[in-house]
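Peer 1: what follows is a predicted structure for the sequence shown.
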There are 2 protein chains.
Amino acid sequence: MADSEALPSLAGDPVAVEALLRAVFGVVVDEAIQKGTSVSQKVCEWKEPEELKQLLDLELRSQGESQEQILERCRAVIRYSVKTGHPRFFNQLFSGLDPHALAGRIITESLNTSQYTYEIAPVFVLMEEEVLRKLRALVGWSSGDGIFCPGGSISNMYAVNLARYQRYPDCKQRGLRTLPPLALFTSKECHYSIQKGAAFLGLGTDSVRVVKADERGKMVPEDLERQIGMAEAEGAVPFLVSATSGTTVLGAFDPLEAIADVCQRHGLWLHVDAAWGGSVLLSQTHRHLLDGIQRADSVAWNPHKLLAAGLQCSALLLQDTSNLLKRCHGSQASYLFQQDKFYDVALDTGDKVVQCGRRVDCLKLWLMWKAQGDQGLERRIDQAFVLARYLVEEMKKREGFELVMEPEFVNVCFWFVPPSLRGKQESPDYHERLSKVAPVLKERMVKEGSMMIGYQPHGTRGNFFRVVVANSALTCADMDFLLNELERLGQDL
Amino acid sequence: MADSEALPSLAGDPVAVEALLRAVFGVVVDEAIQKGTSVSQKVCEWKEPEELKQLLDLELRSQGESQEQILERCRAVIRYSVKTGHPRFFNQLFSGLDPHALAGRIITESLNTSQYTYEIAPVFVLMEEEVLRKLRALVGWSSGDGIFCPGGSISNMYAVNLARYQRYPDCKQRGLRTLPPLALFTSKECHYSIQKGAAFLGLGTDSVRVVKADERGKMVPEDLERQIGMAEAEGAVPFLVSATSGTTVLGAFDPLEAIADVCQRHGLWLHVDAAWGGSVLLSQTHRHLLDGIQRADSVAWNPHKLLAAGLQCSALLLQDTSNLLKRCHGSQASYLFQQDKFYDVALDTGDKVVQCGRRVDCLKLWLMWKAQGDQGLERRIDQAFVLARYLVEEMKKREGFELVMEPEFVNVCFWFVPPSLRGKQESPDYHERLSKVAPVLKERMVKEGSMMIGYQPHGTRGNFFRVVVANSALTCADMDFLLNELERLGQDL
């Protein structure tokens, strides 16, 4: 009887399943992990989109394929993907491959559960609680709440939603129409997710008041005070300030103590977007950059960035102990959060979030932390600062490099000034010509596959490079390579 | 010089990295994959939270641990986790372990990139486009747009946000305060994410008008029409109807053609939450349950449920070809979406979403599809229907089982009537006593680890079981086991 047996797929054949997975894992180890982190290999193998489509043969068809074909597809996917674990991947706020975190991710995938109930995620409910407790302790809180979110943008959005709910609990039911116009404050250097979040949450981007930043990219508390007064004069109700610890481009840290003073005076929720900079709390040497963070109401911190826990790992931490998360987001679905369960239903954390199913994001961080200890992670952070400083000092010795500013974090922002533009700072078209250099060099480095560095225009400044020194496998030799390679790629410009 | 070399972690030692990962992978294959899917093993090993905390030793400490300790921790994490790939895991709308999808997930984790730009995710930008195209074709659309979201709740939220933006583009900037009160419509059987989404998006739960469902759980189009009229009479502006294809508890499919007619008459956005039922589109035999879905404006479909692609894999599909996603969600961050890149920047899909970093959710589905073909996936769906029918017919032969209703999908809802309650339907306390049976049996099955089935109260009905027949490894023998096991566990009640 056809329906009395499992389908004739691998799922019914444990030996074939094991053979397939061992073969795929072998490819992963050789191609993605070993070659993918070796400086003797390319960081990327550029293909034009149309060519890549042909190479990948993406179409999904009626007939399935053989195991050999599937393995060949795995090889192609890895081959043409960018190696973000490679030491010469300086392009984003994440880089590197931590083997323990990867081990945690592989286990997470093999267990494939959702974080919403103790019933189906007993280990991970308890583990998430412990990891969040540890992160909160580093912020300076002995109690509180929190949750892992699918990325820092959503963590930031949660903070905004919690702040407005705390002030106007009715808005959960009645919406924003019955409320006065609300205003939130962040600096012009903040991450764009604050604007996106304001739109998504129905507040509108107009509700975001943009506070001035100084020349180093730090929010100016006096302007914050002024903006609050202006908003109030216009009839808006200020409710939240989002400060940034580690801005995306310049790596600036807002002055949290002064901002917390302003928030305290005006009774505003202080959120700190420390998605990028939060990991600096692990460093006794550098954590002063976040002085005052313990005065925040909420903190967003992404260990998938500087700690390389793996995408995504974003914690929203709260000082709140009044169950605000669950009150704000909960809806008591009776099919999932039954109240007559045989265990303490406070362990079912699923109603703290606006998601239903939620991925397990704690294991990768926990396992890495167990392997490294606070000390190992602290060394990584300190090492990144040391190498960023080395890079800056080496740049100063070479004539083709102009720093945008002295960095205080591991974002190193600079222009590469090619030979034809050196000494021409007074030319009327100098800045226009300089801003065209980075895109050209970017194209060259990607097409050669030698390294990847991001660039961007910023305010009145034309395109400059931002090197992110985050990969824990980096050495001074990689910094030297980076400088030599830019000189090589740009020698004819 | 301390700073001239990589940290003395595994990251600097390729041999040690490989040894660790191979050891962890061995544990995963043995414990999570082989034992985790074997009916000779438990589906879960229950521990009280306090005992489990002790067993796991969760605390994160200053010192790191040895590789042997880390391996021991990996074993413990797997041991005490629920085996959602096990054939006796009937507890959620996902179950089973597809080896090709798992292979895709392991590759995804090893490549660790973000889906936002072609620059760092060339393979996955093109692959996501192709997978979405395929899903849209199954809906019945030859063009359109779409995106993978972190779960169906967020996919549903996107649909609501897009619908309001399409009607009131100003609201992105100016927020909801300047708009008339908005109304959206969904049935009382809808997923709770519609309510959560309305609150989060600032509309408030009051904006959700709850439409009647018939006794089978299907939305009543006449009541939808009536509710729209009532909302308009109250001065609200209807803008969206969310129909459900495969409700969470009963597995009901709303009558999409009739609902589409109503939407067309009133000019409303039709969203279909097919998170659970969407995969039925692959079955020529059963796809009639979704007749009319091609008339929707948006569809949410989670291949991580019935197709077992792995958490999370949730597609939001749109009929729109006007770049609505990007217009609604975009903010043109200049550090990420530079317009002077050397390739077609339309390939940078990151501005379609409210996230910044976004996980790669397409590879696991693509690889599984390549291996199975449409045909293999169709067989799985058809097999699930066949087995659900088998279970129902077997239940009818036994006196201890009372169906809530004849299922039309793979949710089989029923009461187990223990010996002491049989023939007592007329007793005044029958329903009260019956509703206490499921929680007791649930506790017993979990503590024995023999199987997991969810239960819930529902409307005026007391607790009943919902068996989800989704695991592609299931056989009739597993269905027989389920019935026998309930009888065994409940024989003394």
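Peer 2: The structure has been received and is ready for your questions. Owing to the predicted nature of the structure, the values given are computational and were not obtained by experimental measurement.
Peer 1: point me to the helix or strand that includes the nearest residue in space to A:Glu232 that is not next to it in sequence.
Peer 2: Closest residue to A:Glu232 apart from its sequence neighbours, by CB to CB, 6 or more residues apart in numbering or on different chains: A:Pro238 at 6.6 Å. C-beta: built from backbone N, CA, C; applies to glycine. Assessed by DSSP states H and E, A:Pro238 sits inside strand A:237-244.
Peer 1: strand partners (parallel or antiparallel) of that strand?
Peer 2: strand A:182-187 (parallel), strand A:269-273 (parallel) (DSSP bridges).
Peer 1: can you put those in a markdown table and add mean neighbour count, mean pLDDT and distance to A:Asn463?
Peer 2: Shown next, in a markdown table, are the strands paired with strand A:237-244 (neighbours: other CB atoms under 10 Å in any protein chain shown; pLDDT from 0 to 100; distance: least, CB to CB, whole Å):
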| stretch | mean neighbour count | mean pLDDT | distance to A:Asn463 |
| --- | --- | --- | --- |
| strand A:182-187 | 26 | 98 | 22 |
| strand A:269-273 | 27 | 98 | 25 |
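Peer 1: including distance to B:Lys212, could those go into a markdown table?
Peer 2: As requested, the strands paired with strand A:237-244 are exported to a markdown table (distance: least, CB to CB, whole Å):
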| stretch | distance to B:Lys212 |
| --- | --- |
| strand A:182-187 | 36 |
| strand A:269-273 | 40 |
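Peer 1: pLDDT score for A:Leu10?
Peer 2: Note on A:Leu10: pLDDT of 64.
Peer 1: same question, the one 4 residues further on
Peer 2: Model confidence at A:Pro14, expressed as pLDDT, equals 85.
Peer 1: then A:Leu102?
Peer 2: 98.
Peer 1: residues near the closest residue to A:Gly36 other than its chain neighbours, how many?
Peer 2: Nearest non-adjacent residue to A:Gly36, counting by CB to CB, 6+ apart: A:Lys83, 4.1 Å away. A total of 30 residues lie near A:Lys83 under the criterion other CB atoms under 10 Å in any protein chain shown.
Peer 1: next one: A:Thr475
Peer 2: For A:Thr475, using other CB under 10 Å, the count is 20.
Peer 1: got it, and A:Glu48?
Peer 2: For A:Glu48, using other CB under 10 Å, the count is 11.
Peer 1: what residues does the closest residue to it other than its chain neighbours make contact with?
Peer 2: Of all residues not flanking A:Glu48 in the chain, B:Tyr343 sits nearest, at 7.5 Å (CB to CB, 6+ apart). With contact taken as CB atoms under 8 Å, 6 or more residues apart in numbering or on different chains, B:Tyr343 is in contact with A:Glu48, A:Pro49, B:Tyr118, B:Glu119.
Peer 1: next, the buried residues of the host helix or strand of A:Gln383.
Peer 2: Assessed by DSSP H and E, A:Gln383 sits inside helix A:363-396. Within helix A:363-396, the residues scored as buried using 16 or more other CB atoms under 10 Å in any protein chain shown are A:363-374, A:376-392, A:395.
Peer 1: mind giving me the packing neighbours of that helix?
Peer 2: helix A:99-111, helix A:122-139, strand A:401-403, strand A:411-416, helix A:476-490, helix B:67-79 (3 or more CB pairs under 8 Å, 6 or more residues apart in numbering or on different chains; DSSP states H and E).
Peer 1: so which of the ones you listed is the most packed in?
Peer 2: Ranked by mean neighbour count, the helices and strands packed on helix A:363-396 are led by helix A:99-111 with a mean of 27 (mean count of other CB atoms under 10 Å in any protein chain shown).
Peer 1: relative to helix B:363-396, how tilted is that one?
Peer 2: Computed by axes from the mean of the first three to the mean of the last three CA atoms, to 10 degrees, the angle separating helix A:99-111 from helix B:363-396 equals 30 degrees.
Peer 1: pLDDT at the closest residue to chain B within the stretch 101-250 of chain A, what is it?
Peer 2: Sorted by distance to chain B under CB to the nearest CB, the residues of the stretch 101-250 of chain A start with A:Gly202, at 2.3 Å. On pLDDT, A:Gly202 comes in at 98.
Peer 1: quick one, what contacts it?
Peer 2: A:Gly175, A:Leu176, B:Cys171, B:Gly175, B:Leu176, B:Leu201, B:Gly202, B:Leu203.
Peer 1: hmm, 6 Å instead?
Peer 2: Contacts for A:Gly202 (CB atoms under 6 Å, 6 or more residues apart in numbering or on different chains) come out as A:Leu176, B:Gly175, B:Leu176, B:Leu201, B:Gly202.
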